[in-house]
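[1] Attaching a predicted model along with its sequence, questions to come.
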Amino acid sequence: MAEAMVTARDLNKSFAQKRLSILKPRQYLHAVKNVSLEIARGETFGVIGESGCGKSTLARMMVGLHGPDSGVIRFAGRDAASLSAHERHGMVQYVFQDPAGSLNPRKTIRQILATPLKLLRGLGKQETRERLDEIMRAVNLPLEALDRFPHEFSGGQAQRICIARALLAEPDIIVLDEPVSALDVSIQAQILELLADLKEKFDLTYIFISHDLAVVEGFCDRVAVMYFGEIVEVTGSRSLFSGARHPYTRLLAHTAPRRGDDILAEADGELPDPLNPPKGCAFRARCSKSSDICATINPGLKTTNAGSDVACHFADED
Amino acid sequence: MGRYILFRAAASVPVLLGITIIVFFILSMIPGDPATAILGSYATPENVARLNAQLGLDRPLVQRYFIWLGNLLHGDLGRSFSLNRPVIDEILERFNATVILSGLAFLICSVFGVAAGVISAIRQYGVLDKLITLTVLIGISVPSFFLGMMMILYFAVSLRWFPVSGMYALYGGGDLPDLISHLVMPATALAVVATGVVARMSRSAMLEVLRLDFIRTARAKGVRESRVVLRHALRHAIVSILPILGLQAGFVLSGAVYIEIVFQWPGIGRMLVDAILTRDIMLVQGGVLFVAACYVLFNIVVDVAQIWLDPRLGR
Amino acid sequence: MMPLARRIVRNRLAAFGAGLLLTVTCLCLATPFLGLVDPNIINTADRFTMPFDEGYILGADHLGRDILSRLLWGTRLSLAVGLTAALIAALAGSLIGIAAGFFGGRVDALLMRSVDVLMAFPYILLALAIVAVLGPGLMNALIAVAVVNVPFFARNVRGMTLVIARSDFIAAARLSGRGNLSLLLFEVLPNLWAVIIVAFSTTVGWMILETAGLSFLGLGSQPPQSDLGSMLGEARAALITNPHTSLIPGLMIFVIVMGINLLGDGMRDALDPRLSKGGLQRSRPVTEIDRSKPPAPSRQPGLHLSGLCTEFRVGSSPLLAVRNVTLGLAPGECLAIVGESGSGKSVTALSVMGLVASPPAVITAGTVSYGGRDLLAQTYDVLRGLRGHRIAYIFQDPLNSLHPMLTVGEQLTEAMQSHEAGLSSDRLRERATKLLEDVRIANPAHVLASYPHMLSGGMRQRISIAMALANDPDVIIADEPTTALDVTVQAQVLKILDRLRREKGVGLVFISHDLNVVAQISDRIAVMYAGQIVENGPSRDVLDDPAHPYTRALLACSPQIGMAAGLPKPIGGSLPPADNLPAGCTFAARCSLASKACRALPVDLVISDEREVRCIKWEPAHG
């Protein structure tokens, strides 16, 4: 593997729940548990999972919108905790799921886009103007758009603006948190194409958060599958469908609708209660392979014979 | 449920303490010397000092607070010098009259306010809605003391329907019909503004709820429209109307001060104004504290009612 | 600011209020130059002079002072004091609210607990306590009224600040390099003005009333200085003998407060985005219908839409959401309606039973035939009898579409009771249990007693399905029933829906944006674009051999797993606006095959065998 652009070691994050009674102990929701990962320069790394699996929390920790409870994040070898906010934001940027909600309704696009240039890059008026014109061309938006307000744009256009804002900080890494989930398919494809182009052009590394396996399969190089706060499998995205080793990855891949197939569904199966996490493997209640060992020992990620990392006691069986 | 009531009651202890602190310290900031106020400006310094010691005023403020709080817990609110009787006795006597007045006003504003709001919402932009909206607008713009005066002028002096003022007739009164005839005008004058506010809030709460998805689901199920409005919409809206009613209770208690003055109603509000003008601090302190504590208790009831109605809260 | 002023002026009541206030304000400003008598000159000989008598325009009071002069000077004082109190309260309250909302945590807890304690006083009482300390006097009354109103501002502003501080655009601005102070000043504050102004305009009337009230009680302005409240207070003694001395100041207070309230309401309506878009309108039980000469209802079995048009009447030009839609659903069939957002698929589905929110929706043409009747021509009672009984719905978001305060059992049995009177409670319970078992809910008794928020999304959607099946309907219309669910749950719900419709022989209209989902469940697919059907045919044909360029493009840009085909192919451009549609083919602007002929005239549906296609380039394969 080439030089690691992003390394994360044993990240943990939990959120205190609102207390219902002073007499009861405060409950914690463990959103991200012992997550480690390594992402190479220039890679598009997918993080996939269903709602509540902790993928957005992980994404927000990467850019520093949440601080981890424990664990280390490194960008190009530098400990993120030692970076100033300015240095960090100049290295890692973020694109939100809801493009309209991430643009201040009272500001023009010019004001919004000029902020990172002025504050992170320290550019003057003239340079700012030039950079703004440049970036609007890069994301295929007309220059007139600069002097309009966010509500005047469709979802796809607003997402282009958000991408432009992230690019203006000249980051090495962009965390894309479900950037196309709120968009219609035809627009989704436009944005994905744009992102792929920009990656080439600006030599970027992407962390791409999504719940949509089909999108991840086509867009990412490698992908981490999260379940209940943990990474259960890291694999090449092309082998998501046919080469998955973890039972949960297989379940995800096979319940995703495919045009030729009949509906494939597990009979039942719900997430465990996040406030009372089960012992051992969190997936075991839904797993056909589960045995005694799964109820006691949490498997942890191990590299399999096939070369992917899987958190399952039976990863090498079939 | 029982646990929640306990929890809610426990949570209001700090608020009650906060109230005692504010009441005590605000009123102990009053310039001048109560002993002088009581004995008059010709009192000898020795007499003043003796009275101060007697009243415990020579001790440090914080210590005085705790002594006062201790007495308070025993139901001792001190002694009113202008009336020369225990504050608590005077308050309990007066409070009765205030509760009758503001209780009826609160009832009027809850029933008529919510009803007017609901009717206004379901007849949005209809004649009835416009009529209610206009009445409400006038209602919330009239000062209650002015309204009271005009009512006296018209209903009592011109039409002679109701007595001009007081709680009971001076001679031969004292029964329920007598009380009611004295009560109608002040309670109405007191309720008008609150009714307007409740009607407005109920209207917009209903309109807001009627746009929600589950209303469409109810209609899609084939539920009758009357039932959609009353069971589905009102049930949901009442949860957001309840806190407004809680606020109005405080408003009615406050407004009673004006109304009691205008209608010579022997309640706690009039007592407070007189006490302020005569600088009877113990009486002011006791009265404010007592009414505020009642209001806090009332708000516990409102909160509990809200939890009881909305299963999403609590638990 | 201009549009705000214009919106207020357009609102007649608000303009009237503004007019009243403007008149009063001008009079107040001009008072010193009107050459009035000194308001404090006592002339006992003239006491209680009636209005318009010898030199007194508004008469004289109990000391023979000129009421007009006193009124104007008093109004000046009342307005000044009320406004000042309101400004102080707004400033202090907003600062507290902003600090509490933005910094959260301990700061928030400390500030808001203090505010709670202030709120715990019935508020005149607190004002009385403050006046008791400071002593009667106008300045003291002003301070008391300001303090008492601080909590109101603090609470409102804190609430809004919290919402803003947690929004994505604040996080985004942080990532653009803004620090706390700069975030607060440049990102949060500009979004708070509206709230503060609305709170101010709705309370300033109160504050004028309250200061007048304190003066009325003799605790505010002290003689000889006098505001409207103390004028009224002094006049009270002569209320019965000389009512005009009370009437005049009282009416003045009323006029001022009323003007402020009218203007305040106008400001609120103009500034609240929900209100300005006509959002707070009550929707009628049935969508408004305004059509001429509808086609006769079809006698075929099943559900048939013909020439359906639904529009939203907002603004100057109506939004044409559904245009001339003709569709048929045979008994027991599953018809999918597919399209992107804004294609009109949901509006089509909701129009069937008159469930599109009206206003602003109006059905302007077409018929909906069911059992030989035109549903759009039925009375409310007939339609209600069919809703949920013969034709039932399942909606997208199972959390919001179930009533949060009624148990699952209550909601299920209500569906049955609405169409069948006199069911015993045992019978209802038995049937509800059976329904839940049908949708594979393991412990029905427990779920029946639960509230929707206690259940997972998948469970809630199963309950919606059970509710739709409650009266054994002929048709179920499911509007994006699995869109809000995770894939694994989506698959479960789809499976249940598919099994039940086959078992019970229910016709299913399945609305979705997802071709992959639709492919798995439907017999026929209708593709909608910009309010029209562009293609309609058996699922296999539409998927394997799409005839319309839009269908082809949609298939190419809908990725599915296991294809490993790289990125999906985008469709350039975007949907035409519904209030400004092109004359010709609506897809022409995004279509690679489009020619001049496509753009010239509206394109009709070409029907061949089982397929319908709205494209002039399509050549049906005959024979």
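    Structure received.
[2] Which neighbouring residues are in contact with the residue nearest to C:Asp168 when sequence neighbours are not counted, exactly?
    Nearest non-adjacent residue to C:Asp168, counting by CB to CB, 6 or more residues apart in numbering or on different chains: A:Ser102, 3.8 Å away. Glycine gets a C-beta too; all of them are placed from N, C-alpha and C. Contacts for A:Ser102 were tallied using CB atoms under 8 Å, 6 or more residues apart in numbering or on different chains; they are A:96, A:162, C:167-169, C:171-172.
[3] And the contacts of stretch C:14-25?
    So stretch C:14-25 is in contact with C:8-9, C:75, C:79, C:252, C:255-256, C:258-267, C:269-270, going by CB under 8 Å, 6+ apart.
[4] Now B:Gln248. Nearest residue, chain neighbours left out?
    B:Gln248 sits nearest to B:Ala194 (CB to CB, 6+ apart), 4.3 Å away.
[5] what's the spacing between the residue in the stretch 151-300 of chain B that chain A sits nearest to and B:Leu17?
    Across the stretch 151-300 of chain B, the shortest distance to chain A (CB to the nearest CB) belongs to B:Ile300, at 16.0 Å. Remark: distance between B:Ile300 and B:Leu17 (CB to CB, to the nearest Å) = 15 Å.
[6] cool, and C:Ala296?
    Distance from C:Ala296 to B:Leu17, counting by CB to CB: 77 Å.
[7] Buried among the contacts of stretch C:14-25? Make that a ChimeraX selection.
    Buried residues within the contacts of stretch C:14-25, by 16 or more other CB atoms under 10 Å in any protein chain shown, are selected in ChimeraX with:
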select /C:8,75,79,252,255,256,258,259,260,261,262,263,264,265,266,267,269,270
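[8] Check the contacts of stretch C:14-25 one by one and keep those near chain B.
    Among those, the residues within reach of chain B (CB under 8 Å from any CB of the partner chain) are C:258, C:261-262, C:265.
[9] How about the residues of the stretch 51-200 of chain C by chain B?
    Residues of the stretch 51-200 of chain C lying close to chain B by CB under 8 Å from any CB are C:113-114, C:116-118, C:120-126, C:128-133, C:135-136.
[10] quick revisit: my read is that the residue nearest to B:Gln248 contacts B:Phe112, right?
    No. Using CB atoms under 8 Å, B:Ala194 is not in contact with B:Phe112, being 9.7 Å away.
[11] So which of the two has more stuff around it?
    Using other CB atoms under 10 Å in any protein chain shown, the more surrounded residue of B:Ala194 and B:Phe112 is B:Ala194, with 29 against 17.
[12] hang on, the earlier thing: tell me if the host helix or strand of the residue of the stretch 151-300 of chain B closest to chain A is near chain C.
    Following DSSP states H and E, one finds B:Ile300 within helix B:281-309. Yes. Interface with chain C: helix B:281-309 contributes B:281, B:284, B:288, B:291-292, B:295-296, B:299, B:309 (CB under 8 Å from any CB).
[13] Next, give phi and psi for residue 127.
    Since no chain was named, I'll use chain A. Main-chain dihedrals, A:Glu127, degrees, to the nearest 10: phi -60, psi -40.
[14] actually chain C
    phi -60, psi -40.
[15] C:Val527 too?
    phi -100, psi 130.
[16] can you check A:His30 too?
    phi -80, psi 100.
[17] which ones are touching the residue of the stretch 451-600 of chain C found nearest chain B?
    Of all residues in the stretch 451-600 of chain C, the one sitting closest to chain B is C:Tyr451 (4.4 Å; CB to the nearest CB). With contacts defined as CB under 8 Å, 6+ apart, the neighbours of C:Tyr451 are B:311-312, C:404-408.
[18] Now do the strands in the stretch 1-150 of chain A.
    A:4-16, A:28-40, A:44-48, A:70-75, A:78-79, A:92-95 (DSSP state E, counting those that start in this stretch).
[19] what sits up against the fourth one?
    Same thing as strand A:70-75. A:4-12, A:34-36, A:61-62, A:79-81, A:83, A:88, A:91-92, A:172-173.
[20] Sheet-wise, list the partners of it with their directions.
    strand A:4-16 (antiparallel), strand A:78-79 (antiparallel) (DSSP bridges).
[21] cool, and the last one?
    The sheet places strand A:92-95 alongside strand A:173-177 (parallel), with pairing taken from DSSP bridges.
[22] need the next SSE after the partner strand, C-terminal direction.
    helix A:185-202.
[23] Name the residue closest to the centre of chain A, please.
    Closest to where the C-alpha atoms of chain A average out (CA atoms, centre = their mean) is A:Ile209, at 2.7 Å.
[24] Am I right that that one falls within a strand?
    Yes. Using DSSP: H, G, I helix; E, B strand; the rest coil, the assignment for A:Ile209 is a strand.
[25] Check B:Asp310 and give its pLDDT.
    According to the prediction, B:Asp310 has pLDDT 85.
[26] What is the neighbour count of the nearest residue to C:Asp541 once chain neighbours are set aside?
    The shortest distance from C:Asp541 to any non-neighbouring residue, by CB to CB, 6+ apart, is to C:Arg611 (6.2 Å). Around C:Arg611 there are 20 other residues, counting by other CB under 10 Å.
[27] any idea of the pLDDT on whichever residue of the stretch 151-300 of chain A sits closest to chain B?
    Closest approach between the stretch 151-300 of chain A and chain B, counting by CB to the nearest CB: A:Leu275, at 13.4 Å. pLDDT, A:Leu275: 78.
[28] which SSE is it in?
    Counting by DSSP H and E, A:Leu275 is found in no helix or strand.
[29] these two touch, right, it and A:Leu29?
    Yes. Contact status for A:Leu275 versus A:Leu29: in contact at 6.3 Å, counting by CB under 8 Å.
[30] the more surrounded of the two?
    Shown here are A:Leu275 and A:Leu29; by other CB under 10 Å, A:Leu29 has more neighbours (16 against 10).
[31] ok, the more buried one - contacts?
    Counted by CB under 8 Å, 6+ apart, A:Leu29 has contacts A:14-15, A:17, A:274-275.
[32] What is the neighbour count of the one residue in chain A that gets nearest to chain C?
    Residue nearest to chain C within chain A (CB to the nearest CB): A:Leu119, separated by 3.1 Å. Residue crowding around A:Leu119 was assessed by other CB under 10 Å; the count is 19.
[33] where does the stretch 151-300 of chain C dip in pLDDT?
    C:272-279 (pLDDT under 70).
[34] roughly how far apart are the residue in the stretch 301-450 of chain C positioned nearest to chain A and A:Ser154?
    With CB to the nearest CB as the measure, C:Glu340 is the residue of the stretch 301-450 of chain C nearest to chain A, at 4.0 Å. From C:Glu340 over to A:Ser154 the distance is 11 Å, taken as CB to CB.
[35] same deal with C:Cys557?
    16 Å.
[36] so where is the chain shaky, pLDDT-wise?
    The chain I'm using is chain A. A:1-3, A:18-24, A:267, A:318.
[37] switch to chain C, that's the one I care about
    C:1-10, C:272-279, C:564-565, C:622-623.
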